[in-house]
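Asker: Show me how the following folds:
(one chain, ligands or ions: 1)
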Amino acid sequence: MDAITQMLGVIITTGKNAGMTYAEKFKATPTEIVGECVRWRGRTFQNEYGKFGALGCEWLAHRVAYVLHYGAIDDSLLILHACDNKWCINPKHMRQGTQQENIDDAVNRKRLNPAFGEAAGKAKLSSIDVSNIVRRYKAGESQTSIHADYPQVSQKQISVVARQLQRKNG
Ligand SMILES: [Zn+2]
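Answerer: Reported below is the predicted structural model:
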């Protein structure tokens, strides 16, 4: 199961959203219809991608929307926008692609720049990172050891991610 699917099923335990799942919190986030696009009205990354906070991490909103609509995805695949609006979370405007396709897309559209693409996102932990953290934690590796490979986040964040997803999936 991919990291986003796991995250979406976790029940929030603190704060004003306590008792909701992250899937419900995501669906409750305001959006705005713009033509055929759906603008994310939650927080955004500096590069305009929608941002969804869960489990102490920041997730790409369009990727979460894709998983909610189509089901689990391969963590190594990118979700590309067909409409070219980074803030759009309409699942029908997205498709799965590889990093190479993402680069090809950008070149074809003549707008290749460092801020383009999920790989250049500001997320501290990517969904691939989260998958790897959970896998290593399940395999018995200590949080301190895992944290050594992710200095960009606190060890507490590693702990929250690993333990919540572990509990969720047994
Ligand atoms: Zn769109």
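Asker: Distance check, Phe26 against Ser159.
Answerer: In this view, Phe26 and Ser159 are 23 Å apart by CB to CB, to the nearest Å. All C-beta spots, glycine's among them, are computed from the backbone N, C-alpha and C.
Asker: So which of those two has more stuff around it?
Answerer: Phe26 (23 against 17; other CB atoms under 10 Å).
Asker: Which of the helices or strands spans that one?
Answerer: Assessed by DSSP states H and E, Phe26 sits inside helix 22-27.
Asker: can you list contacts of that helix?
Answerer: Applying CB atoms under 8 Å, 6 or more residues apart in numbering, the contact partners of helix 22-27 are 7-10, 12, 17, 52, 54-55, 61, 64-65, 68.
Asker: Please identify the buried residues of that helix?
Answerer: For helix 22-27, a neighbour-count test (16 or more other CB atoms under 10 Å) marks 22-23, 25-26 as buried.
Asker: secondary structure class for the residue nearest to the spatial centre of the chain?
Answerer: Closest to where the C-alpha atoms of the chain average out (CA atoms, centre = their mean) is Trp59, at 3.1 Å. Of the three states, Trp59 takes strand under DSSP: H, G, I helix; E, B strand; the rest coil.
Asker: list the contacts for it?
Answerer: 4, 7, 51-53, 123, 127 are the contacts of Trp59 under CB under 8 Å, 6+ apart.
Asker: Could you do Lys156 as well?
Answerer: Contact analysis of Lys156 by CB under 8 Å, 6+ apart lists Gly56.
Asker: at 10 Å what do you get?
Answerer: 56, 143, 147 (CB atoms under 10 Å, 6 or more residues apart in numbering).
Asker: ok, now how distant is the closest residue to the last one other than its chain neighbours from Val161?
Answerer: Read that as His147. Among residues not flanking His147 along the chain, Gln155 sits closest, at 4.4 Å (CB to CB, 6 or more residues apart in numbering). Separation of Gln155 from Val161 (CB to CB): 11 Å.
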